[in-house]
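>>> model this:
(one chain, ligands or ions: 2)
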Amino acid sequence: MNHRDLKRHLKATGNLQQELFSEANRIRQQEIGTNVYFRGIIEFSNICEKNCYYCGIRKNNQKTKRYLMNMEEIEKCLDFIQESNYGSVVLQSGELTTPKAKEFLLNLVEFTHKHYPEMGITLSCGEFDYDFLKQLKKAGTHRYLLRIETSVSSLYKKLHPNDHSLAKRKQCLENLKKLDYQVGCGNMIGLPEQTLDDIISDLLFFKEMDFDMFGLGPYVIHQDTPLATDENQKWWHENKENIFNMTLNFIALLRILIPTCNIAAATALDVFRPDGRIMALKAGANVIMPSVTPQKYRNDYLLYQNKPCVDGNAERCYRCIIKKTRSAHLNPVLGEQGNALHYLIRTNGKT
Ligand code: SAH
Ligand code: SF4
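Numbering: from 1, shown residues only. Ligands and ions are numbered 1, 2, ... in the order given. Below you'll find the model as predicted:
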């Protein structure tokens, strides 16, 4: 597909969109089959030292009640993941680079690896320096998810304060690859002032960097953030349908461009439709990340507004997700880490 074709498919609806999904599914079937893998996600802390303009748990949002789960609470979540046979955990948090926070994270990975040796461990905790990433890898982390958010520097600057750097984020992604992590990236689709060309640039950046996994999703406005001006709120609500469709189309295009990668169906899609994540699976995604975060913290981990399942608990998320995956005629796989075939090929079978 040339640039024009990519753009045409990115905004596809109706028959063209169905054709795009069929092609993505044909390639999925041929390259990786119909398996869907799970990662129980534990949002273990919402304390963040950054101030991304779009995010509800940004440092300066005084309305967010801050928490850090203790080890006993996290252990219960890990037990649940083990008993449910999800196969992998994602440990996610705000970005915190104090010595104490780094020590906590390192201990957490060591603990998880020691007591749940079969479990795949993914971190999604923001940017760290090379040496600390090396320590985390050595402690047992298998994968790292770090979204670029947008690969376009002019747009990146509109979404972040001056002390946040796109170049630094890219360097961090390079370091993760150098350290042999299974590396995940992603973007947000439907950001204010983001053009179709910007989104295609992200797609080409992903292809060029040849990442193993993707966790991308729609931008969902959060009222207590600088990006939620009156004008942007109005714009966002008027463009919801479009943002949802473009995210599904982006997933399908990614499946076609990087056939053996893992693509997660983002929870944020369920803000648009109750079966948003399932539609993403049907468009080419093959990973789903049911929440294991204790109910009492869910309302404090609101990256965006109207986050689904905040009243739910891990058991309910488990039942719901298995049922929904089967309804999409895909094969939910329990008891496996579900590593990206892309990574296994890239590294000759190392995990
Ligand atoms: N602090 C870490 C991980 C937690 S945030 C980090 O930033 O990498 C995880 C992801 O949530 C971010 O990468 C961002 O893409 C997404 N996010 C934040 N605010 C959002 C919003 N308003 N709508 C959609 N996604 C959002
Ligand atoms: Fe912090 Fe991540 Fe939110 Fe940015 S996106 S404010 S780093 S939690």
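
>>> Please count neighbours and contacts with C-alpha atoms only from this point.
OK.

>>> Quick check: buried residues in stretch 330-342?
Of all the residues in stretch 330-342, those buried under the rule 16 or more other C-alpha atoms under 10 Å are 330, 331, 332, 333, 334, 335, 337, 338, 339, 340, 341, 342.

>>> Can you measure across it, start residue to end residue?
With C-alpha to C-alpha, to the nearest Å as the measure, stretch 330-342 spans 20 Å from end to end.

>>> Let's test this: name the helix or strand in this structure with the lowest mean pLDDT.
Using mean pLDDT, DSSP states H and E, helix 314-327 stands out as the lowest-scoring helix or strand of the chain, at a mean of 86.

>>> any idea how far residue 137 is from the spatially most central residue of the chain?
For the chain, residue 215 is the residue whose C-alpha lies nearest the centre (C-alpha atoms, centre = their mean; 3.0 Å). Distance of residue 215 to residue 137, computed by C-alpha to C-alpha: 20 Å.

>>> Identify the residues contacting residue 67.
Residue 67 sits next to 45, 46, 47, 297, 300 when contact means C-alpha atoms under 8 Å, 6 or more residues apart in numbering.

>>> So which of the residues you listed wins on neighbours?
Neighbour counts for these (other C-alpha atoms under 10 Å) peak at residue 46, which has 26 neighbours.

>>> Residues of the stretch 101-250 of the chain that sit close to ligand 2?
residue 126 (C-alpha under 6 Å from any ligand atom).

>>> which stretches of the stretch 101-250 of the chain form strands?
Along the stretch 101-250 of the chain, counting by DSSP state E, counting those that start in this stretch, strands occupy 120-124, 143-145, 182-185, 188-189, 213-214, 217-218.

>>> and those strands as CSV, adding mean pLDDT?
Shown next, in CSV, are the strands of the stretch 101-250 of the chain (pLDDT from 0 to 100):
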stretch, mean pLDDT
strand 120-124, 98
strand 143-145, 98
strand 182-185, 98
strand 188-189, 98
strand 213-214, 98
strand 217-218, 98
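
>>> which residues of the stretch 201-350 of the chain fall in helices?
For the stretch 201-350 of the chain, applying DSSP state H, counting those that start in this stretch gives helices covering 230-238, 240-257, 276-283, 295-298, 314-327, 341-346.

>>> Next: the stretch 51-200 of the chain.
Taking DSSP H, counting those that start in this stretch, the helices of the stretch 51-200 of the chain run over residues 71-84, 99-115, 130-138, 153-159, 166-178, 196-209.

>>> Just tell me which of the ones you listed ends up closest to ligand 1.
Within those, the stretch nearest ligand 1 is helix 166-178; the backing value is 9.4 Å (C-alpha to the nearest ligand atom).

>>> So out of everything in the stretch 101-250 of the chain, what residue is nearest ligand 2?
The minimum distance from the stretch 101-250 of the chain to ligand 2, using C-alpha to the nearest ligand atom, falls at residue 126 (5.9 Å).

>>> Hmm, that residue is touching residue 146, no?
Yes. Under the criterion of C-alpha atoms under 8 Å, residue 126 makes contact with residue 146 at 6.3 Å.

>>> between those two, who's got more neighbours?
More crowded of residue 126 and residue 146, by other C-alpha under 10 Å: residue 146, with 23 against 19.

>>> residues touching the nearest residue to residue 269 once chain neighbours are set aside, list them.
Closest residue to residue 269 apart from its sequence neighbours, by C-alpha to C-alpha, 6 or more residues apart in numbering: residue 276 at 4.7 Å. Going by C-alpha under 8 Å, 6+ apart, residue 276 touches 267, 269, 270.

>>> same thing with residue 143?
With contact taken as C-alpha under 8 Å, 6+ apart, residue 143 is in contact with 120, 121, 122, 123, 181, 182, 183, 184.

>>> Beta-bridge partners for the last one, please?
Which is residue 184. Residue 184 has the following beta-bridge partners by DSSP bridges: residue 145, residue 213.

>>> same question, the second one
Beta-bridge partners for residue 121, by DSSP bridges, are residue 89.

>>> who's in contact with it?
For residue 121, the residues meeting the contact criterion (C-alpha under 8 Å, 6+ apart) are 88, 89, 90, 91, 109, 112, 113, 140, 141, 142, 143.

>>> re earlier: any chance of TSV for the strands of the stretch 101-250 of the chain, columns distance to residue 282?
As requested, the strands of the stretch 101-250 of the chain are exported to TSV (distance: least, C-alpha to C-alpha, whole Å):
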stretch	distance to residue 282
strand 120-124	24
strand 143-145	22
strand 182-185	20
strand 188-189	18
strand 213-214	16
strand 217-218	15
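
>>> Would you mind saying which of the ones you listed lies nearest residue 291?
Each of the strands of the stretch 101-250 of the chain has some distance to residue 291 by C-alpha to C-alpha; the shortest is strand 120-124, at 14.0 Å.
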